[in-house]
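Visitor: With the input below, show me the fold.
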Amino acid sequence: MAHPDYVRVVRVRPLGAEQTELSAEFLFLPEVLADPAFDPGNAVQFADLVMSEDAAVCERNQLGLRALPHTRGVLMPEEYVVHQFQQWVQSELTRS
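Guide: Presented below is the predicted three-dimensional model:
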C-alpha cells in the first residue's frame, strides 16, 4: 500500500485451515529515517488499527465455512480472476 510518505508491504501466509500469519513491513526513504524528528508511530498505529479492523471483518466473514451444508460462496464479478487463478492452481496440483 503506497502512502504519501512511506510504503507498507503486507504479507498474508496461511498456516492451516483456520490460522493465518499476517506481517507488515514499512519502507521509508533514507532521508526520512535520518530526520531526528521522524517518528514512525503514527504510521504503525494507523496500520495496526486498519489491519485489526480488516482482520475482524475477515474472521466474521469466514464463520461457518466448515459447516456441512456449506459447499461454496458466491463470487462478485470483481473476483472472477481470483477464481480463474484458483482453478489454475488446482489443475497444476492435480497434474503432479
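Visitor: For Leu22, see how far away Pro4 is.
Guide: 24 Å (Cβ to Cβ, to the nearest Å). (Each C-beta comes from the backbone N, C-alpha and C, glycine too.)
Visitor: These two: which has the busier surroundings?
Guide: Looking at Pro4 and Leu22 with other Cβ atoms under 10 Å, you find the greater number of neighbours at Leu22, namely 13 against 4.
Visitor: which residues pair with that one across the strands?
Guide: Val12 (DSSP bridges).
Visitor: isn't it right up against Asp48?
Guide: No: in terms of Cβ atoms under 8 Å, Leu22 does not count as a neighbour of Asp48; the distance is 10.8 Å.
Visitor: Do you know the pLDDT at the residue in the chain sticking out farthest from the centre?
Guide: Taking Cα atoms, centre = their mean as the measure, the residue most remote from the mean C-alpha position of the chain is Pro36, 31.8 Å away. Note on Pro36: pLDDT of 93.
Visitor: residue ranges of the helices in this protein, please?
Guide: When assigned using DSSP state H, the helices of the chain occupy the ranges 30-34, 41-62, 80-95.
Visitor: looking at those helices, which is buried most?
Guide: Mean neighbour count, computed with mean count of other Cβ atoms under 10 Å, is highest for helix 41-62 among the helices of the chain, reaching a mean of 12.
Visitor: now for that one, which elements pack on it?
Guide: Here helix 41-62 touches strand 7-16, strand 19-27, going by 3 or more Cβ pairs under 8 Å, 6 or more residues apart in numbering; DSSP states H and E.
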